[in-house]
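Novice: from the sequence below, what's the structure:
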Amino acid sequence: MSLVAEIAIVVLAAFVGFEVISKIPNTLHTPLMSGTNAIHGIVLLGGLIVIGLAGGVLNDVILVIAIAFGTINVVGGFLVTDRMLEMFKKRPAPAAQDGAVAQEKAR
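Specialist: Residues are numbered from 1 along each chain as shown. Down below sits the predicted model:
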């Protein structure tokens with residue numbers, strides 16, 4: 001495949017990906033991100049395997065950049081998922097309100 005065709009595929013994939021993601025409601029972004037963490041982990045593993053087989057400095061540099069971006073994506077996905085799960089935990093009642101409630105019950 002020629003370089004022009006490969007660049008055209010990357011540009012079209014980026015455009016289609018942007019359009020698809022922009023149409024997803026905000027309430028679904030976090031669950032989708034947490035669901036894709038496993039896929040990105042597989043991509044990182046594949047990148048690590050391929051970097052051992054790759055020949056040439058340019059291929060190594062591109063693979064290191066891809067692995068770095070993939071790692072950032074996985075770590076960010078887990079951080080967002082952890083933050084999302086924290087929102088569902090019950091918060092303890094503040095101490096000042098507990099004292100006021102106890103005083104009200106005593107009256």
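
Novice: when you work out contacts or count neighbours from here on, use the C-alpha atoms and nothing else.
Specialist: Fine.

Novice: just give me the residue right at the centre of the protein.
Specialist: When CA atoms, centre = their mean is applied to the chain, the residue found nearest the centroid is residue 77 (2.7 Å).

Novice: give me the pLDDT for it.
Specialist: Residue 77 carries a pLDDT value of 78.

Novice: ok, it touching residue 38?
Specialist: No - the criterion here is CA atoms under 8 Å, and residue 77 misses it with residue 38 at 10.0 Å.

Novice: the helix or strand where residue 80 lies packs against which elements?
Specialist: For residue 80, the element it lies in under DSSP states H and E is helix 57-87. In terms of contacts (3 or more CA pairs under 8 Å, 6 or more residues apart in numbering; DSSP states H and E), helix 57-87 is packed against helix 26-53.

Novice: and the angle from the helix it packs on to helix 57-87?
Specialist: Inter-element angle recorded for helix 26-53 and helix 57-87: 150 degrees (by axes from the mean of the first three to the mean of the last three CA atoms, to 10 degrees).

Novice: so which other helices or strands are in contact with helix 26-53?
Specialist: helix 57-87.

Novice: quick check: buried residues in the helix it packs on?
Specialist: For helix 57-87, burial by neighbour count (16 or more other CA atoms under 10 Å) applies to 60, 63, 66, 67, 70, 71, 73, 74, 77, 78, 80, 81.

Novice: distance of residue 91 from residue 22?
Specialist: 33 Å (CA to CA, to the nearest Å).

Novice: who's more crowded, these two?
Specialist: When neighbours are counted by other CA atoms under 10 Å, residue 91 and residue 22 differ, and residue 22 comes out ahead with 11 against 8.

Novice: and the more buried one, how far from residue 9?
Specialist: Using CA to CA, we find residue 22 at a distance of 20 Å from residue 9.

Novice: how about residue 46?
Specialist: Relative to residue 9, and taking CA to CA, residue 46 is found at 21 Å.
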